[in-house]
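Chemist: What follows is a predicted protein model with its sequence.
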Amino acid sequence: MSDSYAHTTTVPGAASMETTQTSGQAIQDAAIPVIDISGDGDQEQVARELVDAAVRHGFVYIRSTGKDIPAQAIDDAFALARKLFKAPLEEKQSCNIQKNNRGYSGMHVETLDPKNQRIGDLKEKPTPRAFNFGEFVNGKAQQPLPPTIASDEPQIAEFFAYCHRLSLKLNSLLGIGLGQAHLPSRGPSGTILRLLRYPPLSALAAAAQDATTPSSSNKQAAPASAADVRAGAHSDYGSLTLLFRLAGQPGLEVQQILPTDGARAWAPVPVVPAGTESDPSPPVLVNIGDLLSYWTGGLLRSTLHRVVFPRPGGGPDQQEKAGEEPRYSIAFFCHPVGTFPLEPVPSERVRAFAAAQQSESGGGGAGGEEGESNPYAERKVLTADEHLQMRLRASYLDLYDDNKDAGGQKA
Ligand SMILES: O=C(O)CCC(=O)C(=O)O
Ligand SMILES: [Fe+2]
């Protein structure tokens, strides 16, 4: 299976692994820890908490205190996303995604679960849209920008730099938490800042109607339901992802393994977790990608996640006004220096984990301490760039089809 959700890979069979969450059953939010890394306190303690969260959940909230990234910069980045996606289609299409993974793309929502997921089957569905910015050099984008946002180049470069700085800080904390392991981070890489826009529920309902009724008929189509996913189950394939979301626009869910019977279930990830309500902006959600999971022999967990429509029975944070509005999010996908060889990091904790797995199973693969198995986290490749190319090739089949023009990716 492939989709064009580059920087992420939809995992084959992910849907069949999930438990059914019957309507009426209470859906518990994911118990993802919230960590503040902005202080000058005990860095070792913070690093330990960060690694523990990465091992247990693969996700962690980093409190937004404004010190690492000013709240205004985050607000401005969302305003820019709205402006960009409003630009005329031809402008955006003139910047269609290229093999370097930069530019504008549509993303197909795969039909992973035919029983529950209907929208994925629609032929003319309004799909999520994304615009990817690669690294800037001296404040200049190394790719065409739509004229509508050309004058905003310094702002985008600055936001990229803020994200990069935060990712370096996290990288270094993870290094400390893993026992002084060195996680390389400087030099040209496949790092991407992605602005995302998911169409509103109403647009999908309208598309469903178009697809199921003859044009002359005024028969009502069944409304789209929470079972229709906005982005299918996937893992991210870089090292770390920073995710910015807007209060009132939830939808992200992580796949959890229930300690009781090992069953898998989807748990919502609130935008504003308890205790962060008065922060200047919602915490930055950080998740471990396949590469970092592979790098640490599976100690750090690359967790499957997806984006769904608001659930009618959910708590206040799950009641999305954005049923009628588009949903925006911003992801910063960190990649290590392209030439870096992907050998397991020289960490005592990683070695101990590998040894424990070895003795338990006679040679285990990648996965968190709770037994997660993500096929992409296990794959061996030579360098970070080779890994990225392999994953992009799987995601952008059209783009890599040698019989097609490189610009032929459908927007
Ligand atoms: O939009 C979101 O909340 C999640 C996006 C995501 O998982 C991704 O782009 O990889
Ligand atoms: Fe993702």
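Modeler: Arrived safely, thanks for sending. Ligands and ions are numbered 1, 2, ... in the order given.
Chemist: hmm, the longest helix seen in the chain in reach of ligand 1?
Modeler: With secondary structure taken from DSSP state H, the chain has its longest helix at helix 153-177. No. Judged by C-beta under 6 Å from any ligand atom, helix 153-177 makes no contact with ligand 1; its nearest approach is 13.8 Å. Any C-beta I mention is one placed from the backbone N, CA and C, and that applies to glycine too.
Chemist: right, and the helix or strand after that helix?
Modeler: Sequence order places strand 192-198 as the next helix or strand after helix 153-177, per DSSP states H and E.
Chemist: Isn't residue 387 up against residue 289?
Modeler: No. Taking contacts as C-beta atoms under 8 Å, residue 387 lies outside contact range of residue 289: 10.3 Å.
Chemist: Now do the shared contacts for the two.
Modeler: Counting by C-beta atoms under 8 Å, 6 or more residues apart in numbering, the contacts common to residue 387 and residue 289 are residue 237.
Chemist: Taking the protein, what residue is nearest to ligand 1?
Modeler: Using C-beta to the nearest ligand atom, the closest approach of the chain to ligand 1 is made by residue 329 at 3.4 Å.
Chemist: Name whatever forms a beta bridge with that residue.
Modeler: Beta bridges link residue 329 to residue 196, residue 245, judged by DSSP bridges.
Chemist: if I pick it, what's in contact with it?
Modeler: Residue 329 neighbours (C-beta under 8 Å, 6+ apart): 196, 198, 243-246, 249.
Chemist: Low-confidence ranges, the chain, go.
Modeler: 1-27, 107-126, 180-186, 205, 207-228, 311-323, 361-382, 397-398, 400-411 (pLDDT under 70).
Chemist: And the helices in it, which stretches?
Modeler: Using DSSP H, helices in the chain cover 43-56, 71-86, 89-93, 147-150, 153-177, 201-212, 290-295, 348-361, 384-395, 397-400.
Chemist: The longest one: which residues count as buried?
Modeler: Looking back up the chat, that one is helix 153-177. 156-160, 162-164, 166-167, 170-171, 173-177 (16 or more other C-beta atoms under 10 Å).
Chemist: next one: stretch 333-345
Modeler: Under 16+ other C-beta under 10 Å, the buried positions of stretch 333-345 are 333-338, 340, 342, 344-345.
Chemist: Which ones among those map onto strands?
Modeler: If you go by DSSP state E, those have 333-334 in strands.
Chemist: The buried residues of stretch 333-345: which two are farthest apart?
Modeler: Farthest apart among the buried residues of stretch 333-345 by C-beta to C-beta are 333 and 344. That separation is 21.5 Å.
Chemist: returning to what we had before: out of the buried residues of stretch 333-345, which comes closest to ligand 2?
Modeler: Set against ligand 2, the nearest of those by C-beta to the ion is residue 333 (8.3 Å).
Chemist: thinking that closest one is in contact with residue 194, fair?
Modeler: Yes. Using C-beta under 8 Å, residue 333 is in contact with residue 194, at 6.7 Å.
Chemist: Identify the bridge partners of the closest residue to ligand 2 within the stretch 251-400 of the chain.
Modeler: Of all residues in the stretch 251-400 of the chain, the one sitting closest to ligand 2 is residue 305 (5.6 Å; C-beta to the ion). With DSSP bridges as the criterion, residue 305 is bridged to residue 234, residue 254.
Chemist: Cool, thanks, talk later.
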